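Participant: The sequence isn't on hand, but the structure is:
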């Protein structure tokens, strides 16, 4: 009974957000919750149905009491089928193991991303303003700039933006 009350009190949305679950793990958890809710509703509906049959009442209103006698005989001799639930329980256990493994993998991925983002944030916070950087520092940070510049200058395609407007066109001299 304690497990039932705990399952009813579980805040499913909070589980996914507090654990930071994503993707297949969340989808599997939601599918499990849906199946759980459906079964709980069916059990509730079945438990509310009456379980006793008043055969004397049916004998009094029906002319053919042999039918009632036959139904009563079958009703009293009925034995409900029993099912071995070990297969379903093993499937649930396997689902739990998979869910935990996915959650751990997701946590590890998130932790790595957080470390990378913290490193990037620290670099941004400690970076000097772009105006204070020298050409050599920019070239050291991104070596492809020197290569591209050398290629453009060698082809005669290099021009500094705003140079002509500020100093005039040197080709006219």
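Facilitator: Everything's here; your move. Bear in mind the structure is a predicted one, so any value in this text is a computation, not a measurement.
Participant: Report the contact partners of residue 50.
Facilitator: Applying CB atoms under 8 Å, 6 or more residues apart in numbering, we find residue 50 in contact with no residue. Bear in mind the C-beta positions are built from the backbone N, C-alpha and C, glycine included.
Participant: and residue 171, what pLDDT?
Facilitator: At residue 171 the predicted local distance difference test score is 63.
Participant: ugh, wrong one, residue 4
Facilitator: The per-residue confidence score, pLDDT, reads 57 for residue 4.
Participant: With residue 75 instead?
Facilitator: Looking at residue 75, its pLDDT reads 87.
Participant: just residue 40 next, same as before
Facilitator: Reading off the confidence values, residue 40 has pLDDT 86.
Participant: same check, this time on the one 10 residues further on
Facilitator: At residue 50 the predicted local distance difference test score is 77.
Participant: try residue 30
Facilitator: As predicted, residue 30 sits at a pLDDT of 84.
Participant: now do the one 3 residues further on
Facilitator: At residue 33 the predicted local confidence, pLDDT, stands at 83.
Participant: Surely it and residue 12 touch.
Facilitator: Yes - proximity of residue 33 to residue 12 meets the contact threshold set by CB atoms under 8 Å, at 5.1 Å.
Participant: who does the longest helix anywhere in the chain touch, helix- and strand-wise?
Facilitator: With secondary structure taken from DSSP state H, the chain has its longest helix at helix 86-126. Under the contact criterion of 3 or more CB pairs under 8 Å, 6 or more residues apart in numbering; DSSP states H and E, the helices and strands touching helix 86-126 comprise helix 23-48.
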